[in-house]
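Chemist: Need a 3D model of the following:
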Amino acid sequence: MYKLMIFKELRENFLDLRFQLTLILLIVSGLFLGLFISIDFMDENKDYFGRIQAHEENLRVTKNVVELFQNGIWVEGKPKLSSMLIRGAADQIETSIWMSLREPPTVERNFFINPASVIFSNIDFLYFTGIIISLVTIILSFNVINGELEGGTLKLLFSSQTPRYKIIIGKWIGRYLSVIIPFFILILVFTLVFVSVGNFSLRKEDLLILFGFVVFSLFYIAAFHSLSFLVSSLIRQSSASLILLLFLWIVFLFIIPNYSPYIAERIYNVPSYTEIEINKQLAFTKAEKNWLEAHKIWQKTLAILPIKDAGKQIISVNKTGLWPKKSWQGAWIFLTIESQKRD
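Modeler: Residues are numbered from 1 along each chain as shown. The predicted model follows:
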């Protein structure tokens with residue numbers, strides 16, 4: 001009976017105009033999504049290699065080691081393919097770090113900032129699934145029970161000797177498969193376009209992230225499908241169930257995420273953005289003060305002690321907590337530079 005109900009739901013949905021339009025919409029969305037994300041990833045790689053080339057040019061004109069460590073060096077973070085599929089907080093993470101023995105390290109997010117990203121949010125697979133796929137699930141599942149009631153076939157199904165729970169489970173599985181089949185086609189189209197346009201190769205890490213995302217998306221779709229199944233069972237009219245589901249969709253995806261910070265602030269005293277920035281600045285100032293204090297001690301040590309004894313003094317300074325563990329080893333470079341200056 002399970003197979004009969006599943007095939008019945010699949011056949012009805014495949015012949016339904018809603019399913020056909022949804023499938024076409026997701027295929028077109030997969031094409032454009034793969035195209036835009038691949039272009040964005042190529043632009044980030046172009047910016048990355050441009051920064052690397054600029055740093056290499058600066059290194060070529062550097063005369064000696066002393067000038068190198070005085071001017072500092074840049075360390076760049078290479079764009080990750082997985083961050084383009086699911087960006088998360090990738091845009092808020094600094095990608096460039098400047099290091100020098102004269103000053104504490106400084107970080108910069110990016111040399112090349114796209115002005116459009118300030119106005120428009122980046123659309124990734126997570127955003128598309130959270131908004132579009134959940135809406136598609138509601139559109140395909142809002143009348144799974146009351147649609148049978150309006151068509152007069154529900155009484156015929158329940159009049160058979162088959163237990164009702166088997167009918168319900170079969171309809172749930174069949175309608176769920178009719179929802180996730182377009183989703184898998186979307187992933188296939190997106191992957192083919194993304195790999196072919198950008199000429200990228202997916203690493204093992206990227207495949208694992210994509211697999212985890214697909215598993216999460218299946219549970220996410222199942223949650224909205226179950227919600228649609230419940231509302232369709234409680235309300236007799238399919239149009240009323242669609243209106244209620246769209247209202248719940250707005251509540252869960254827009255109202256709760258946007259208003260939950262204000263509710264949490266009423267329940268628990270959350271520090272403001274200004275207070276957090278002040279605390280960050282105080283922490284950075286304290287670290288910079290410790291760095292400068294250690295740097296002064298090293299300079300005084302160089303002026304008084306020989307290089308060999310100065311190394312022991314630096315180790316003793318490290319034990320006071322002014323520098324993290326093993327960071328005194330970088331001081332030997334500083335000692336070498338200073339000794340070259342004396343010579």
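Chemist: Please name every helix or strand in contact with the biggest helix by length in the chain.
Modeler: The helix that spans the most residues within the chain, counting by DSSP state H, is helix 17-60. The contact analysis (3 or more CB pairs under 8 Å, 6 or more residues apart in numbering; DSSP states H and E) places helix 17-60 against strand 73-76, helix 81-85, helix 125-128, helix 134-141, helix 164-198. (Glycine included, C-beta is placed from N, CA and C.)
Chemist: Quick one: distance of that helix to the chain centre.
Modeler: 15 Å (CA atoms, centre = their mean, to the nearest Å).
Chemist: Dump stretch 56-64 to CSV, keeping only the CA atoms.
Modeler: C-alpha atoms of stretch 56-64 as CSV (Å, rounded to 0.1, in the frame of the first residue of the first chain):
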residue,chain,number,x,y,z
GLU,A,56,55.9,40.3,-4.8
GLU,A,57,56.8,43.6,-6.6
ASN,A,58,57.4,45.2,-3.2
LEU,A,59,59.7,42.4,-2.3
ARG,A,60,61.7,42.7,-5.5
VAL,A,61,62.5,46.3,-4.7
THR,A,62,63.5,45.6,-1.1
LYS,A,63,67.2,46.1,-0.7
ASN,A,64,68.0,44.0,2.4
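Chemist: picking that back up, would you format the helices and strands packed on helix 17-60 as JSON lines with mean pLDDT, distance to Lys204 and mean neighbour count included?
Modeler: Shown next, in JSON lines, are the helices and strands packed on helix 17-60 (pLDDT from 0 to 100; distance: least, CB to CB, whole Å; neighbours: other CB atoms under 10 Å):
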{"stretch": "strand 73-76", "mean pLDDT": "76", "distance to Lys204": "23", "mean neighbour count": "15"}
{"stretch": "helix 81-85", "mean pLDDT": "71", "distance to Lys204": "11", "mean neighbour count": "20"}
{"stretch": "helix 125-128", "mean pLDDT": "79", "distance to Lys204": "18", "mean neighbour count": "18"}
{"stretch": "helix 134-141", "mean pLDDT": "92", "distance to Lys204": "30", "mean neighbour count": "22"}
{"stretch": "helix 164-198", "mean pLDDT": "87", "distance to Lys204": "15", "mean neighbour count": "18"}
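Chemist: what about those, which gets the closest to Tyr2?
Modeler: helix 164-198 (4.8 Å; CB to CB).
Chemist: now the angle from that closest one to helix 134-141?
Modeler: Orientation note: helix 164-198 sits at an angle of 140 degrees relative to helix 134-141 (axes from the mean of the first three to the mean of the last three CA atoms, to 10 degrees).
Chemist: residue ranges with poor pLDDT in the stretch 1-150 of the chain?
Modeler: 1, 63-70, 84, 88-94, 100-123 (pLDDT under 70).
Chemist: and Ile86, backbone torsions?
Modeler: Phi and psi for Ile86, reported as degrees, to the nearest 10, are phi -130, psi 100.
Chemist: what about the residue lying closest to Ser238 once chain neighbours are set aside, neighbour count?
Modeler: Spatial nearest neighbour of Ser238, excluding adjacent residues (CB to CB, 6 or more residues apart in numbering): Asn143 at 3.7 Å. Asn143: 23 surrounding residues under other CB atoms under 10 Å.
Chemist: So Asn143: helix, strand or coil?
Modeler: Following DSSP: H, G, I helix; E, B strand; the rest coil, Asn143 is assigned to coil.
Chemist: Mind putting the helices and strands packed on helix 17-60 into TSV with distance to Leu149?
Modeler: Supplementary listing: the helices and strands packed on helix 17-60 in TSV, determined by distance: least, CB to CB, whole Å:
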stretch	distance to Leu149
strand 73-76	62
helix 81-85	41
helix 125-128	33
helix 134-141	15
helix 164-198	12
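Chemist: out of the ones you listed, nearest to Phe216?
Modeler: Once these are compared by CB to CB, helix 125-128 is nearest, at 8.9 Å.
Chemist: Show me what the closest one is packed against.
Modeler: Applying 3+ CB pairs under 8 Å, 6+ apart, we find helix 125-128 packed against helix 17-60.
Chemist: how big is the angle separating the helix it packs on from helix 164-198?
Modeler: Using the same axes, to 10 degrees: helix 17-60 against helix 164-198 is 40 degrees.
Chemist: Report how far apart the opening and closing residues of stretch 125-143 are.
Modeler: End-to-end distance for stretch 125-143, by CA to CA, to the nearest Å: 27 Å.
Chemist: Outside of it itself, list whatever touches it.
Modeler: 13, 18-19, 22, 25-26, 29, 33, 85-88, 121, 150, 175, 178-179, 182-183, 186, 190, 213, 217, 220-221, 224-225, 228-229, 231-232, 238, 241-242, 245-246, 249, 253 (CB atoms under 8 Å, 6 or more residues apart in numbering).
Chemist: Run the chain-centre distance for that stretch.
Modeler: With CA atoms, centre = their mean, you get 19 Å for stretch 125-143.
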